[in-house]
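>>> Here is a sequence with its predicted model. Questions after.
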Amino acid sequence: MSLLLAASILFNFLFGHLIQNTVNERSRKKIAVLGIVSNLLLLGFFKYTLFAVDLVIDVYSFFSNSISIWRPEILLPVGISFYTFHNISYLVEIYKKNISASKDLVTFSVYDIFFPLLLAGPIERPNSLLPQLDSNRRITKEGLYKGFSIFVWGIFLKTVIADSLAKFVDTSLSQSGNLTDGILWIIAPAFAFQVYADFSGYSNCARGLAYVMGFQLMNNFQRPFFATNPVQFWQKWHISLSSWLRDYVYIPLGGNRSGFLKQNFNILIVWILGGLWHGATYGYLVWGIYLGFCIVIYNLFKKFLIPSNNLILEPILKYTGLFLTFFSFSFGLLLFRVSNSEVLVIYIKNIFSFSAETLQWSFVILYFLPILIFDYWQEKLNTKETDWRLKEMPIIFWSVFFFGFLIFCLLSPFAKQEFFYFQF
């Protein structure tokens, strides 16, 4: 796999220079398309070949007798989904003349496999990361404080919150045939907070390490559970992926320039691809379609049913939107855990049932509080960057903060699970 990564780096480094040094516009476009398609074929072979084989088998079996097809053993290279998107954005930005091709192969290699980002992002853009790699960085006291605080917060989110919630979610869903009536109204939010704490925890660890080394990476999450509609949610959740899909798929497809119908058709395409980017299974495909329809339905309501500038309805719509956005995302995440149609039916029935026994599990809400309190604080500060108000905090507070979080991390009953997004 190291040879594959080395070949990918060398290929894109050379293609970047080829695009930049080609004068004829038609030839430049052909070279850029060839480079992009080559990257997609590489990703497609390793990530989607087995899914394509299974799809052929299932379609053939549906219309005729079962068929036996050889399924090759293909291992998914670590980080291929992330560095493939790195490479595509690199070639596109060179083609658009927004950046120049990297002059140094070592610098480009670091951009492609920058270790804090390789396994689970965020998906940094070349016009942000490459200049930082080329410049003389300074390690500052403020950067050390900020980086360490963000890193410790990320570790806390992962080990104390995500892993603890994972034990509850995994144990509960393992008994899918014997779920307490209505328990999914607790499991779904718990799973949503687990994934959020896990993934934002990793992103914070990556950003914290980068700050310590003098780099600045984009903030991948901005209080997504305070979003009041699905569009706003995806402007706050996994921002590097959703903005990548917007810039390199949605806008090239036409975006919202060709009318309301075409706009929503483009949205469906984008989120089908977004679902498949997460994994090559029917569950992720259905999840992508589900996310796309959530946004399309919201767009329809916004255009035809929701009145604008109504001071009386505005707070009602805000809090209703907050509730619907959170639970539509939470229940959608359960598609990750659906193994067959029978389990899906069980989940749907459970949502529309209730039992007083469900209330005994409400203690898991305590694990939501650190995230909600911190995100509410950041929301009030109205900042896009994590803001700990370093200059306003006395030494005593810092001591309690660091030692308290470290004790939590060392003594918490976490399950020592790998990060959720490593599977992508």
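Happy to help now that I have it.
>>> Tell me which residues touch the residue nearest to Y211 when sequence neighbours are not counted, please.
Nearest residue to Y211, sequence neighbours excluded (Cβ to Cβ, 6 or more residues apart in numbering): G147, at 3.0 Å. The C-beta positions use only the backbone N, C-alpha and C, and glycine is treated the same way. Neighbouring residues of G147 by Cβ atoms under 8 Å, 6 or more residues apart in numbering: 207-213.
>>> again, only using 10 Å
Under the criterion of Cβ atoms under 10 Å, 6 or more residues apart in numbering, the contact list for G147 reads 139-140, 207-216.
>>> need the contact list for L129.
Here L129 is in contact with 86, 90, 110-112, 114, 117, 210, 215-218 (Cβ under 10 Å, 6+ apart).
>>> got the buried residues for stretch 365-381?
367-368, 370-371, 374-375, 378 (16 or more other Cβ atoms under 10 Å).
>>> hang on, the earlier thing: for the contacts of L129, which single residue is the most surrounded?
Y90 (29 neighbours; other Cβ atoms under 10 Å).
>>> List the residues that contact it.
12-13, 15-16, 19, 35, 39, 83, 99, 101-102, 108, 111-112, 125-127, 129-130.
>>> does it count as helix, strand or coil?
Following DSSP: H, G, I helix; E, B strand; the rest coil, the label given to Y90 is helix.
>>> Let me know the distance separating it from F11.
11 Å (Cβ to Cβ, to the nearest Å).
>>> what's the answer for H238, then?
From H238 across to F11, the span is 27 Å (Cβ to Cβ).
>>> do the same with F225
Note on F225: its distance to F11, by Cβ to Cβ, is 40 Å.
>>> Which one's more surrounded, those two?
Neighbour tally, F225 and F11, criterion other Cβ under 10 Å: the higher count belongs to F225, 22 against 15.
>>> who are the neighbours in contact with the residue nearest to T84 when sequence neighbours are not counted?
Closest residue to T84 apart from its sequence neighbours, by Cβ to Cβ, 6+ apart: L43 at 4.5 Å. Shown in contact with L43 (Cβ under 10 Å, 6+ apart): 8, 76-77, 80-81, 83-85, 87-88, 277.
>>> Name the member of these with the most neighbours.
Highest neighbour count within the contacts of L43: N87, with 28 neighbours (other Cβ under 10 Å).
>>> Three-state assignment for that residue, please.
helix.
>>> Check L10 too.
Recorded secondary structure, L10: helix (three-state DSSP).
>>> Spatially, what comes nearest to it if we skip its sequence neighbours?
Nearest residue to L10 in three dimensions, chain neighbours excluded: L105, at 7.5 Å (Cβ to Cβ, 6+ apart).
>>> my read: D104 touches H17, true?
No - look at D104 against H17 with Cβ atoms under 10 Å: they stay out of range, at 11.5 Å.
>>> Who has more neighbours out of the two?
Per other Cβ under 10 Å, whichever of D104 and H17 has more neighbours is H17, with 15 against 11.
>>> secondary structure element for that one?
In this assignment (DSSP states H and E), H17 forms part of helix 2-21.
>>> Return the alpha-carbon coordinates of that helix using CSV.
Provided in CSV are the C-alpha atoms of helix 2-21 (Å, rounded to 0.1, in the frame of the first residue of the first chain):
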residue,chain,number,x,y,z
SER,A,2,3.0,2.3,0.6
LEU,A,3,3.9,1.8,-3.1
LEU,A,4,0.4,2.8,-4.1
LEU,A,5,0.5,5.9,-2.0
ALA,A,6,4.0,6.8,-3.4
ALA,A,7,2.7,6.2,-7.0
SER,A,8,-0.3,8.4,-6.3
ILE,A,9,1.8,11.2,-5.0
LEU,A,10,4.2,11.1,-7.9
PHE,A,11,1.4,10.9,-10.4
ASN,A,12,-0.4,14.0,-9.1
PHE,A,13,2.8,15.9,-8.6
LEU,A,14,3.7,15.4,-12.3
PHE,A,15,0.2,16.0,-13.6
GLY,A,16,0.0,19.3,-11.6
HIS,A,17,3.1,20.5,-13.5
LEU,A,18,1.8,19.1,-16.8
ILE,A,19,-1.5,21.1,-16.4
GLN,A,20,0.4,24.3,-15.4
ASN,A,21,2.9,24.1,-18.2
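>>> quick one: the helix or strand that comes right after that helix to helix 2-21, angle?
Downstream of helix 2-21, the next assigned helix or strand under DSSP H and E is helix 25-63. Helix 25-63 and helix 2-21 meet at an angle of 140 degrees, taking axes from the mean of the first three to the mean of the last three Cα atoms, to 10 degrees as the criterion.
>>> sorry, back to before: can you pull the buried residues of the helix holding H17?
Neighbour-count burial for helix 2-21 [16+ other Cβ under 10 Å]: 5, 8-9, 12-13, 15-16, 18-19.
>>> Good, we can wrap up now.
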